[in-house]
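>>> What follows is a predicted protein model with its sequence.
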Amino acid sequence: MRRRLALGMAVLTASGLLALAAPGDAQAAGASCAGRKVRSFSFSTGSVEVYKRRGYVCAVTLPKKPGTRRYMMVSVQVYALQPVVDEGQFTRWAGPRTVHAGRHCVRVKGAVGHGSYESGWILC
């Protein structure tokens with residue numbers, strides 16, 4: 001019984017250490033949205049990634065050259081509603097921002113520094 005308990009504790013400890021040893025994966029997960037990627041819009045200084053899952057639409061803006069603190073913005077707007085925005089001085093991404101769109105069209109915007117992108121109404 002003690003041997004099984006000790007083995008179980010060793011497995012849990014090892015898995016916890018592996019999770020701590022891979023911070024890059026954890027940081028990349030922080031910039032992503034739930035669901036599957038349905039669109040990616042590139043512009044001069046970055047890109048806007050759009051994900052969809054069960055009626056929810058999520059967007060995140062990623063710079064082409066991460067690491068430098070600069071203005072970034074992401075916006076997701078469901079048709080006839082106010083946009084949901086994240087903007088400020090960031091080093092790695094703006095967002096993610098999620099809205100419940102159901103079957104309504106959405107519009108996304110993104111900016112990094114002086115470059116920006118604005119979609120038309122998509123995912124209708």
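That came through fine.

>>> Mind checking the pLDDT average for stretch 109-124?
Summarised as a single mean, pLDDT over stretch 109-124 is 97.

>>> And for stretch 85-96?
Across stretch 85-96, pLDDT averages out at 97.

>>> Could you pull out the buried residues of it?
86, 87, 90, 92, 93, 94, 95, 96 (16 or more other Cβ atoms under 10 Å). Where you see a C-beta, it was placed from the backbone N, CA and C, and this is true even at glycine.

>>> Kindly report the same for stretch 35-53.
Buried residues in stretch 35-53, counted by 16+ other Cβ under 10 Å: 39, 41, 43, 45, 46, 47, 48, 49, 50, 51, 52.

>>> Kindly check the end-to-end length of that stretch for me.
Stretch 35-53 has its terminal residues 5 Å apart, counting by Cα to Cα, to the nearest Å.

>>> Repeat that for stretch 48-65.
One end of stretch 48-65 sits 14 Å from the other (Cα to Cα).

>>> before we move on, back to that, is it possible to get JSON lines of the buried residues of stretch 35-53 that adds secondary structure, pLDDT and distance to residue 81?
Output for the buried residues of stretch 35-53, formatted as JSON lines (DSSP: H, G, I helix; E, B strand; the rest coil; pLDDT from 0 to 100; distance: Cβ to Cβ, whole Å):
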{"residue": "39", "secondary structure": "strand", "pLDDT": "97", "distance to residue 81": "19"}
{"residue": "41", "secondary structure": "strand", "pLDDT": "98", "distance to residue 81": "21"}
{"residue": "43", "secondary structure": "strand", "pLDDT": "98", "distance to residue 81": "24"}
{"residue": "45", "secondary structure": "coil", "pLDDT": "97", "distance to residue 81": "28"}
{"residue": "46", "secondary structure": "strand", "pLDDT": "98", "distance to residue 81": "25"}
{"residue": "47", "secondary structure": "strand", "pLDDT": "98", "distance to residue 81": "24"}
{"residue": "48", "secondary structure": "strand", "pLDDT": "98", "distance to residue 81": "19"}
{"residue": "49", "secondary structure": "strand", "pLDDT": "98", "distance to residue 81": "21"}
{"residue": "50", "secondary structure": "strand", "pLDDT": "98", "distance to residue 81": "17"}
{"residue": "51", "secondary structure": "strand", "pLDDT": "98", "distance to residue 81": "19"}
{"residue": "52", "secondary structure": "strand", "pLDDT": "97", "distance to residue 81": "17"}
